[in-house]
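Q: mind folding the following:
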Amino acid sequence: MLKFISSMLQKVKQFVDGLFKISVYPNTPQHLQRTLECILLLRPDADEAVQIAAYSHDLARAFAKNTFENKAFDDPQYLAEHQEIGAKAISEFLLQQGYEKNKVDRVYNMVRHHEEGGDEESNILMDADSVSYLLKPTHLRPEFIQSLGKEKVKTKLEYMFGRIHSNKAKEIAKPLYEKALEDLRKI
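A: Residues are numbered from 1 along each chain as shown. This next block holds a predicted model:
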């Protein structure tokens, strides 16, 4: 799907992937890659800044000390911290790389608001994040269901589908969401 990867996007991928190699969420780059692909599905003309935000939106997970077991997926304090940590980390990296300040500001804003949206670019990132998650709902794996419980996994699925903003993303996500709920019921 990606026809051309800019040199800055390639640097971001190397930076992000390197951080996740030693994290409690080592598989996150797979989700980030799917989110990038979903961005291009929802907005084929997405520019470099949008693509960088897609690949780095969950960067805060690289610094996490533990998983969601003791947190609510939609806890406002957790979401605010998650967004802010990721936005600061990717912005600092981009500035160190000499990336244009106005583009850094856009990436910061998208990552800082990827959970709740609020503007066109943040909304498209939020939608791509949800579609990416529903394409491969990792919380349906037995180890997550065992540690989190079916009800919390259901809450995560509902959260990811419920926050989708655009009709196009809802249309793509609805059958994925319904299948994930059905799969969860069968477990």
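
Q: show me where the chain has helices.
A: 7-20, 28-42, 48-56, 76-96, 101-112, 120-135, 142-148, 150-162, 167-186 (DSSP state H).

Q: could you single out the most deeply buried of those helices?
A: With neighbours defined by mean count of other CB atoms under 10 Å, none of the helices of the chain is more surrounded on average than helix 48-56, at a mean of 26. Bear in mind the C-beta positions are built from the backbone N, C-alpha and C, glycine included.

Q: the inter-axis angle of that one versus helix 28-42?
A: Here helix 48-56 points in a direction 140 degrees away from that of helix 28-42 (axes from the mean of the first three to the mean of the last three CA atoms, to 10 degrees).

Q: which residue is nearest the centroid of this protein?
A: D129 (4.3 Å; CA atoms, centre = their mean).

Q: quick one, grab the pLDDT at the closest residue to L79 other than its chain neighbours.
A: Distances taken as CB to CB, 6 or more residues apart in numbering place E115 nearest to L79, at 4.6 Å, with adjacent residues excluded. At E115, the pLDDT value in this model is 96.

Q: so what does the helix or strand of the chain with the lowest mean pLDDT touch, helix or strand wise?
A: Sorted by mean pLDDT, DSSP states H and E, the helices and strands of the chain end with helix 142-148, the least confident at a mean of 84. Using 3 or more CB pairs under 8 Å, 6 or more residues apart in numbering; DSSP states H and E as the contact test, no helix or strand touches helix 142-148.

Q: just the CA coordinates of it, formatted as CSV?
A: Taking C-alpha atoms only, helix 142-148 is exported to CSV below (Å, rounded to 0.1, in the frame of the first residue of the first chain):
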residue,chain,number,x,y,z
PRO,A,142,-6.3,-15.8,25.3
GLU,A,143,-3.6,-14.2,27.5
PHE,A,144,-5.4,-10.9,27.4
ILE,A,145,-8.8,-12.4,28.1
GLN,A,146,-7.4,-14.3,31.0
SER,A,147,-5.6,-11.3,32.5
LEU,A,148,-8.2,-8.6,31.7
